[in-house]
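**Q** here are the coordinates; sequence isn't available:
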């Protein structure tokens, strides 16, 4: 996974945990704008989320953050 994507995931997880607490759930779409301006990076995140880790649509941000690290 590209460093730019890892950094973005950690940044968003930290932000959401701070705002909503440790039980907040996220989907991989949370790391992207509502428009498809970087399809390659979106597919990389989707592949990591769905194919590599077989995660549910929503997962706890703390879990995602620990998988990235």
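**A** Arrived safely. Keep in mind that this is a model prediction, so the values were computed, not measured. Numbers count the residues shown, from 1 in each chain.
**Q** going forward, measure contacts between C-alpha atoms and count neighbours the same way
**A** Noted.
**Q** which neighbouring elements make contact with the longest helix along the chain?
**A** For the chain, the longest helix by residue count, based on DSSP state H, is helix 3-20. For helix 3-20, the packing partners by 3 or more Cα pairs under 8 Å, 6 or more residues apart in numbering; DSSP states H and E come out as helix 61-68.
**Q** list the helices and strands the helix it packs on packs on?
**A** By 3+ Cα pairs under 8 Å, 6+ apart, helix 61-68 packs against helix 3-20.
**Q** returning to what we had before: and the helix or strand that the longest helix of the chain is followed by, what does it pack onto?
**A** Downstream of helix 3-20, the next assigned helix or strand under DSSP states H and E is strand 25-26. On a contact count with 3+ Cα pairs under 8 Å, 6+ apart, strand 25-26 meets strand 59-60.
**Q** what residues does the strand it packs on touch?
**A** For strand 59-60, the external contacting residues (Cα atoms under 8 Å, 6 or more residues apart in numbering) are 22-27.
**Q** if we can go back for a sec, contact partners of the longest helix of the chain?
**A** For helix 3-20, the surrounding residues in contact (Cα under 8 Å, 6+ apart) are 23-24, 30-31, 41, 45, 61-62, 64-65, 68.
**Q** how about 6 Å then?
**A** With contacts defined as Cα atoms under 6 Å, 6 or more residues apart in numbering, helix 3-20 is touched by 61, 65.
**Q** for the helix or strand bottoming out on mean pLDDT in the chain, buried residues please.
**A** Least confident element among the helices and strands of the chain, by mean pLDDT, DSSP states H and E: helix 39-46 (a mean of 92). Of all the residues in helix 39-46, those buried under the rule 16 or more other Cα atoms under 10 Å are 41-42, 45-46.
**Q** max pairwise distance over those residues: which two?
**A** Using Cα to Cα, the two most remote members of the buried residues of helix 39-46 are 41 and 46, lying 8.6 Å apart.
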